[in-house]
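Peer 1: predicted coordinates and the sequence they were generated for:
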Amino acid sequence: MIPTETFSDCVTADAPLCEEKMRVCQNDCIAENVSVRGDGTLLFAGQDVTELAARYGTPLYLMDEHQIRWRCRQYRTTLEDAFGTRCRVLYASKAASFKRLYEIMAEEGLGVDVVSAGEIETAKRAGFPLGQALFHSNNKTDFDISFAMDAGVGCFVADNLEELYAVEREAASRGAVQDVLLRLTPGIDPHTYAAVSTGKVDSKFGFAIETGQAQEAVRETLSLPHLRLRGFHCHVGSQVFSADVYIEAADVMLGFIAGVQAKYGFIAEVLDLGGGFGVRYTADQPVLDIPARIAELAAHLKKEARTLGISLPEIWLEPGRSIVADAGMTLYTVGTVKRIPGYKTYVSVDGGMTDNIRTALYGAKYTILPAGDLFAPRDEICSVVGRCCESGDILQENVPLPSSTGRGDVLACLTTGAYHYSMASNYNRIPRPPVVMLRNGDSYIAVRRETVDDLVRLDN
Ligand code: LLP
């Protein structure tokens, strides 16, 4: 189902649409900020992407600042409507991490989830108030722990006992008391792809509730004088569409909280249910009504807490993908078209697995469009591939494109705001693309294009 506002935005009033063009719009405009001009040019956040490609070069990451802010506000108001001030939204910055994003998060009043000294330093240099940051990761090194404390990171999420002891030692050496949450695995299967499933008992993350290790961790944490246990965290997985998953996780977590309250008299102040809401990459995927899901979850949490006779802790969420994914688009320029009669047509572009590893890693599906003319008949099925020396460097199989597609044409890959720039690499010593932000009909560079000089700067 296409949101109505997308559909009505699909073309400008100057060109009425025939049925075929309407169908194209419906299929291609998979997010509110994707539209098409009457002449068939693809627009992103209302801007002509072929002009942006000409101006900034390709490959190019575009990000729509308005969309990011709108998502942040949607999360905040939905949570605040449900829980008043007893809630927090923390942007999981692994989804996309660069200074401008931390500035936006600070302006929108969100906290952030960080997982490395690199993310902490980026947030710090953006002026992000690190007291509002939550430090994740399943293996924080002693260096990370001391770096995070130096930077004033507000709260640590402890993943295992060794880490708890290491945080205790570092806090003790500073005469400080560090706030911590414990990451728990509630034993839930999120029904998403295996690589991003994290809530099951055999996960590498967190203390398992089922095995009794979670309870043992609570006892241990409460005995450590330089740690202040604030509550519990779980994250079941990513790209999750099922509503039941969050309800089940909430039940397990609240049951656990009631159990440790009865056993140790410990009252959890915080329940952090992680991130994971799914986004739409292709027209056949649903649009998840996140506010409705949160409202449903909130009602369930309140009811369940009443049934258990406990007061509901402050509720935290850590969305990553659903804040930035559809704010992103990647532009490429076609280099070569290779036809193998009876087999395949390869359309090679100037990017690939270095700027999008998700297809190779997870078999992720994307919408790839001929940016110059969405109304030209797409009469050839192509494999859109990258420029890396690796046969697996495929951006997407079975992409319908005009058979006239050739060198110099611009292709757009939609929904690339999450886990693209942040997972980009320099394989084959290919420089990473810049990130250009779109705002109010204008654009600016948030991350400049890497140069070959950047690539050799660390070599002795
Ligand atoms: N909180 C924790 C503890 C997490 O591990 C994650 C994601 C999030 C929050 C944010 O989840 P999101 O709302 O973005 O789904 N590279 C993979 C995704 C890995 C997700 C890892 N953790 C991908 O490209 O699909």
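Peer 2: Right, received. Where do you want to start?
Peer 1: nearest residue to the closest residue to the ligand within the stretch 51-200 of the chain in space, please, no chain neighbours.
Peer 2: Residue of the stretch 51-200 of the chain nearest the ligand, by Cβ to the nearest ligand atom: Ala92 (3.5 Å). Using the backbone N, CA and C atoms, a C-beta is placed for each residue, glycine as well. Among residues not flanking Ala92 along the chain, Gly320 sits closest, at 3.1 Å (Cβ to Cβ, 6 or more residues apart in numbering).
Peer 1: isn't the one you found right next to Leu90, touching?
Peer 2: No. Using Cβ atoms under 8 Å as the test, Gly320 is too far from Leu90 to be in contact (9.5 Å).
Peer 1: quick check: neighbours shared by these two?
Peer 2: Asp113 (Cβ atoms under 8 Å, 6 or more residues apart in numbering).
Peer 1: got the contact list for the residue in the stretch 151-300 of the chain that the ligand sits nearest to?
Peer 2: Residue of the stretch 151-300 of the chain nearest the ligand, by Cβ to the nearest ligand atom: Gly275 (2.7 Å). By Cβ under 8 Å, 6+ apart, the contact list for Gly275 reads 92, 113, 235, 238, 317-322.
Peer 1: with Phe205 instead?
Peer 2: 138, 159, 183, 185, 198, 235.
Peer 1: now do the contacts for the first one.
Peer 2: Contact criterion Cβ under 8 Å, 6+ apart gives 159-160, 204-206 as the residues in contact with Asn138.
Peer 1: excluding its backbone neighbours, what's nearest it?
Peer 2: Spatial nearest neighbour of Asn138, chain neighbours left out: Asp159 (4.5 Å); criterion: Cβ to Cβ, 6+ apart.
Peer 1: how close does that neighbour sit to Glu19?
Peer 2: 55 Å (Cβ to Cβ, to the nearest Å).
Peer 1: for the spatially most central residue of the chain, which non-adjacent residue is spatially closest?
Peer 2: Nearest to the mean C-alpha position of the chain, by Cα atoms, centre = their mean, lies Arg321 at 2.2 Å. Leaving aside its chain neighbours, Arg321 sits nearest to Ala418 (4.0 Å; criterion: Cβ to Cβ, 6+ apart).
Peer 1: how many neighbours does that neighbour have?
Peer 2: Applying other Cβ atoms under 10 Å, we find 26 residues neighbouring Ala418.
Peer 1: surely it meets Asn356?
Peer 2: No. Using Cβ under 8 Å, Ala418 is not in contact with Asn356, being 11.2 Å away.
Peer 1: re earlier: residues contacting the residue of the stretch 51-200 of the chain closest to the ligand?
Peer 2: Contacts of Ala92 by Cβ under 8 Å, 6+ apart are 112-113, 275, 318-321.
Peer 1: what about 6 Å?
Peer 2: Going by Cβ atoms under 6 Å, 6 or more residues apart in numbering, Ala92 touches 113, 275, 318, 320.
Peer 1: before we move on, what about Leu414?
Peer 2: 329, 367.
Peer 1: beta partners of it?
Peer 2: Met329 (DSSP bridges).
Peer 1: buried sites along stretch 25-34?
Peer 2: 25, 27-34 (16 or more other Cβ atoms under 10 Å).
Peer 1: in strands, which of the residues you listed fall?
Peer 2: Within the buried residues of stretch 25-34, residues falling in strands by DSSP state E are Val34.
Peer 1: so which pair among the buried residues of stretch 25-34 is furthest apart in space?
Peer 2: Asn27 and Asn33 (16.2 Å; Cβ to Cβ).
Peer 1: got the residues of this structure near the ligand?
Peer 2: Proximity of the chain to the ligand (Cβ under 6 Å from any ligand atom) is limited to residues 92, 94-95, 113, 136, 196, 198, 235, 238-239, 274-277, 318-322, 358, 362, 418-419.
Peer 1: what's the neighbour count on the residue of the stretch 351-460 of the chain found nearest the ligand?
Peer 2: Relative to the ligand, the nearest point of the stretch 351-460 of the chain is Tyr419 (3.2 Å; Cβ to the nearest ligand atom). The local packing of Tyr419 (other Cβ under 10 Å) involves 25 other residues.
Peer 1: then Leu42?
Peer 2: 26.
Peer 1: show me what contacts the spatially closest residue to Gly152 that is not a sequence neighbour?
Peer 2: Excluding its sequence neighbours, the residue lying closest to Gly152 (Cβ to Cβ, 6+ apart) is Leu130, at 4.8 Å. The contact partners of Leu130, by Cβ under 6 Å, 6+ apart, come to 151-153.
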